[in-house]
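1. okay, sequence plus prediction incoming.
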Amino acid sequence: MSETNEPGSRQAADPPDARTSDAAARVPAQASPISVRQYMATLIGRVRSGQAGALPVVAGMILISILFQTLDSNFLTAGNLVNLLVQAAVFSLLAMGEVFVLILGEIDLSVGFVAALGGVIMADLLGPDYGWPWWAAMAAALFACAAIGCLHGIIITRLALPSFVVTLAGLLFWQGVMLRILGSGGTIPINDDTVNNIASANLSNTTSWLVMLAMVGIYALGTWRHDTRRRRAGLVAPPRSMTLLKPLIVLAGGVALVLVCNQDRGVVVPISGVPWVVLLVVAVLTAWTFLLGRTKPGLYLYAVGGNAEAARRAGINLPMLRTAAFTLTAFTACIAGIVYASRLRSISTAVDGGTLVLYAVAAAVIGGTSLFGGRGKALHGVLGGLVIAGIDNGMGLLGFTAASKYMVTAIVLLAAVTIDALARRGQAAT
């Protein structure tokens, strides 16, 4: 009898059930698909634990709309809503830039005057003294502002200085540079039609529909591919019905937007169509959402904001990441400055960069970004910008003074910070 057939032999074959269990153990565990009921229960649990996301600001927008429409029936007219979208563009762009540093638990107080300086550089290069084409002037302004943000990041990381102090010094310094460039005249007009059309021109009605449908289709395809990859990798993903529901919600919002914008809102001549600046804001929102949610540097930002020491021990280059965040903040601020100059068709010393930076931080926090770091999305900046623009617009229709607008905005900001603090306490308790 061979050795392998002996009862006590080490070469004896394992029982079939043992072989099966060993093989199963070597196969990566696959997460079973969750049902719609389980997915909704998870969302409700997150809200109860303080992770409400954008729900508070959406509810606030609805309440603001109802309140101002009740007090003035012109608030929800097509002309006023489109004007509100254009007005909110600068606030939303500045807030989206501020989100990058807020996620890290930092702050940038210079974005208002960095944005203004970007507008000044572009306008000056477009003027008769230089005569640059619009695309070259914009590129130069964007590069200059990105370099400013990079400089801020290097000073903060290499010298270990608080971002509050460095960017406050930047606020004063770049305001001085702006005044030096503007000189005694104090105003630089912009005569380039392409630049001026950014905030004043509109797509045709047909083009508005085609662009909206194309963007929704791209979003639907990206969402479906992302969730499908997670399911194939055995990761937790929403049910397929929820994956289909997201593009439908976006489609409904896009249809509502185009219907409002395509209404004739002209007084002397017909005016309709989606403004160019809305497409610019959506493009920046899409790019920064992808960067924060689908790339390693974006995920590293959340890791550093959640626990910087743990991120450092995991091998993340903190100085480089922080510098990149301040660079992106200044770059986005320059886009806001270009829109600001386009809307006024000029740039002057009347730019209130101090108010702009306060609105930028307020919009990001009101939209749902945490002041304590680790949580925030580009969408939060857009939603917060709409809230601030809505308050300013509605109170303007009612004839309130600037003092009243500032006080109401301060109360809304305080409420948003309170909700954020309570949410953090709830998470800690959980």
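-> Nice, I can see it. Here the structure is a predicted model, which is why all the values come from computation and not from measurement.
2. now the residue nearest the centre of the chain, what are its backbone angles?
-> Within the chain, one residue has its C-alpha closest to the average C-alpha position: by CA atoms, centre = their mean, that is Ala378, at 1.7 Å. With angles defined as degrees, to the nearest 10, Ala378 sits at phi -60, psi -30.
3. which pLDDT value goes with it?
-> Looking at Ala378, its pLDDT reads 94.
4. mean confidence for the helix or strand hosting Trp135?
-> Assigned by DSSP states H and E, Trp135 belongs to helix 134-158. Across helix 134-158, pLDDT averages out at 96.
5. list the buried ones in that helix?
-> Neighbour counts over helix 134-158 (16 or more other CB atoms under 10 Å) mark 134, 137-138, 140-142, 144-146, 148-157 as buried. Where C-beta positions appear, they are placed from N, C-alpha and C, glycine not excepted.
6. my guess is the residue nearest to the centre of the chain contacts Leu292. True?
-> Yes - Ala378 is in contact with Leu292 according to CB atoms under 8 Å; the separation is 6.4 Å.
7. and for Leu398, the neighbour number?
-> Other residues within reach of Leu398 by the criterion other CB atoms under 10 Å amount to 12.
8. next: Val277.
-> Around Val277 sit 25 other residues, with neighbours defined as other CB under 10 Å.
9. hang on, isn't it packed against Asn197?
-> No - assessed by CB under 8 Å, Val277 is found out of contact with Asn197, at 9.4 Å.
10. overlap in contacts, the two.
-> With contacts taken as CB atoms under 8 Å, 6 or more residues apart in numbering, Val277 and Asn197 have Ser342 as neighbours in common.
11. hmm, back to that, what do Ala378 and Leu292 both touch?
-> Counting by CB under 8 Å, 6+ apart, the shared contacts of Ala378 and Leu292 are Val99.
12. the residue nearest to the centre of the chain and Ala336: what is the separation?
-> Here the distance between Ala378 and Ala336 works out to 13 Å (CB to CB, to the nearest Å).
13. which residues does Asn196 contact?
-> Contact criterion CB under 8 Å, 6+ apart gives 190, 342, 345 as the residues in contact with Asn196.
14. just the buried members of these?
-> Listed as buried from those are 190, 342; burial here means 16+ other CB under 10 Å.
15. any idea what sits nearest the residue nearest to the centre of the chain, other than its immediate chain neighbours?
-> The shortest distance from Ala378 to any non-neighbouring residue, by CB to CB, 6 or more residues apart in numbering, is to Trp288 (3.9 Å).
16. quick one: residues in contact with the helix or strand containing the one you found.
-> Using DSSP H and E, the secondary-structure element containing Trp288 is helix 276-294. Contacts with helix 276-294, where a contact means CB under 8 Å, 6+ apart, come from 85-86, 89, 92-93, 96, 99-100, 103, 197-199, 201-203, 211, 215, 226, 257, 261, 297-299, 301-302, 328, 332, 335, 339, 342-343, 377-379, 382.
17. distance of the spatially closest residue to Asp352 that is not a sequence neighbour relative to Ala256?
-> Of all residues beyond its chain neighbours, the one nearest Asp352 is Gly112 (7.5 Å), with distances taken as CB to CB, 6+ apart. Distance from Gly112 to Ala256, counting by CB to CB: 32 Å.
18. tell me which of these two has more neighbours.
-> Neighbours around Gly112 and Ala256, counted as other CB under 10 Å, are more numerous at Gly112. The numbers are 28 against 10.
19. so that one sits in a helix?
-> Yes - with DSSP: H, G, I helix; E, B strand; the rest coil as the criterion, Gly112 is assigned to a helix.
20. picking up where we left off before, against Ile335, how distant is the residue nearest to Ala378?
-> Distance check for Trp288 against Ile335: by CB to CB, it reads 11 Å.
21. quick one, which of the two is more surrounded?
-> Set side by side, Trp288 and Ile335 show unequal neighbour counts under other CB under 10 Å, the larger going to Ile335 at 26 against 22.
22. from Ile66, how far off is the more buried one?
-> Here Ile335 is placed at a distance of 32 Å from Ile66 (CB to CB).
23. could you do Ala325 as well?
-> 37 Å.
24. centre of the chain to the one helix or strand Leu356 maps to, how far?
-> Remark: Leu356 resides in helix 353-367, with elements defined by DSSP H and E. Going by CA atoms, centre = their mean, to the nearest Å, the spacing between the C-alpha centre of helix 353-367 and its chain's C-alpha centre is 13 Å.
25. CA-only coordinates of it in PDB, if you can.
-> What follows is the C-alpha trace of helix 353-367 in PDB, where atoms were taken according to Å, rounded to 0.1, in the frame of the first residue of the first chain:
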ATOM      1  CA  GLY A 353     -12.200  92.600  -2.800                       C
ATOM      2  CA  GLY A 354     -12.700  92.400   0.900                       C
ATOM      3  CA  THR A 355     -16.500  91.900   0.500                       C
ATOM      4  CA  LEU A 356     -15.800  89.300  -2.300                       C
ATOM      5  CA  VAL A 357     -13.600  87.200  -0.100                       C
ATOM      6  CA  LEU A 358     -16.100  87.200   2.700                       C
ATOM      7  CA  TYR A 359     -18.900  86.200   0.300                       C
ATOM      8  CA  ALA A 360     -16.600  83.500  -1.100                       C
ATOM      9  CA  VAL A 361     -16.000  81.900   2.300                       C
ATOM     10  CA  ALA A 362     -19.600  82.400   3.300                       C
ATOM     11  CA  ALA A 363     -20.900  80.800   0.100                       C
ATOM     12  CA  ALA A 364     -18.700  77.700   0.500                       C
ATOM     13  CA  VAL A 365     -19.700  77.200   4.200                       C
ATOM     14  CA  ILE A 366     -23.400  77.900   3.500                       C
ATOM     15  CA  GLY A 367     -23.300  75.400   0.700                       C
END
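26. what segments of the stretch 251-400 of the chain are strands?
-> Secondary structure of the stretch 251-400 of the chain by DSSP state E, counting those that start in this stretch: the strands cover 346-348.
27. which stretches of it form helices?
-> Per DSSP state H, counting those that start in this stretch, the stretch 251-400 of the chain carries helices over the ranges 276-294, 296-306, 308-313, 318-344, 353-367, 378-397.
28. which of these sits closest to Phe164?
-> helix 353-367 (11.3 Å; CB to CB).
29. the closest one vs helix 378-397, what angle?
-> Direction vectors for helix 353-367 and helix 378-397, defined by axes from the mean of the first three to the mean of the last three CA atoms, to 10 degrees, enclose an angle of 120 degrees.
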